[in-house]
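>>> Can you look at this prediction? I've put the sequence above it.
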Amino acid sequence: MATTERREDAPLLPISVAAELAGMHPQTLRQYDRLGLVQPRRTRGRGRRYSMRDVVRLREVQRLSQEEGVNLAGIKRILELEDELVQVRSENDRLRLLADPGQRIFAAGPSGDVVAVPRGTRVRRVSTTSGGALVLWRPQGR
């Protein structure tokens with residue numbers, strides 16, 4: 001992750017604000033934290049800090065529970081599977097990019113390592129003691 005977090009992932013909300021935004025009692029958020037349905041960040045004093053992404057997740061927990069009648073164990077499994085699906089799709093996209101020769105761009109570093117770089121990725125020119133530089137090129141015929 002980059003040094004600056006995306007806004008929806010920034011853990012800024014204390015439990016009272018997150019509970020209000022999610023339409024829940026703060027004690028419910030504490031229970032969901034204990035069950036692992038949502039995992040807020042912690043302050044140095046161990047206080048919970050929620051992100052807007054956490055609030056969206058809490059709303060989804062509430063929807064599954066109230067509208068769909070799913071119990072908490074089922075909700076936990078659904079959320080785990082959804083998280084896993086996001087990771088698998090991301091990995092699949094990465095592998096598809098590497099498998100398509102027309103989409104591959106390669107970078108060679110001063111050490112001689114060659115890696116595929118997603119199209120649109122900027123690579124800085126890096127000087128070395130031997131005067132080498134980071135070089136980008138595309139496969140021939142593309």
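It's in.

>>> these two touch, right, residue 39 and residue 33?
Yes - with contact defined as CB atoms under 8 Å, residue 39 and residue 33 form a contacting pair (6.8 Å). C-beta coordinates here come from the backbone N, C-alpha and C atoms, glycine included.

>>> Between the two, which has more neighbouring residues?
Between residue 39 and residue 33, counted using other CB atoms under 10 Å, the more crowded position is residue 33 (17 against 12).

>>> List the buried residues in the helix or strand where the more buried one lies.
Under the criterion DSSP states H and E, the helix or strand holding residue 33 is helix 26-35. Within helix 26-35, the residues scored as buried using 16 or more other CB atoms under 10 Å are 26, 28, 29, 32, 33.

>>> got the contact list for the second one?
Residues near residue 28 by CB atoms under 8 Å, 6 or more residues apart in numbering: residue 19.

>>> Which pLDDT value belongs to it?
For residue 28, the pLDDT comes out at 96.

>>> any idea which helix or strand carries residue 57?
Per DSSP H and E: helix 52-66 holds residue 57.

>>> got the domain boundaries for the protein?
The chain is divided into the following domains under automatic domain parsing: 7-99, 103-137.

>>> out of these, deepest packed?
Stretch with highest mean neighbour count among these: domain 7-99 (a mean of 14; mean count of other CB atoms under 10 Å).

>>> what angle sits between the longest helix seen in the chain and helix 26-35?
Taking DSSP state H as the criterion, the chain has its longest helix at helix 72-99. Per axes from the mean of the first three to the mean of the last three CA atoms, to 10 degrees, the angle that helix 72-99 makes with helix 26-35 is 60 degrees.

>>> Starting from the helix or strand that helix 72-99 is followed by, tell me which strands it pairs with and how they run.
Sequence order places strand 105-108 as the next helix or strand after helix 72-99, per DSSP H and E. Using DSSP bridges, the strands paired with strand 105-108 in its sheet are strand 114-117 (antiparallel), strand 135-137 (antiparallel).
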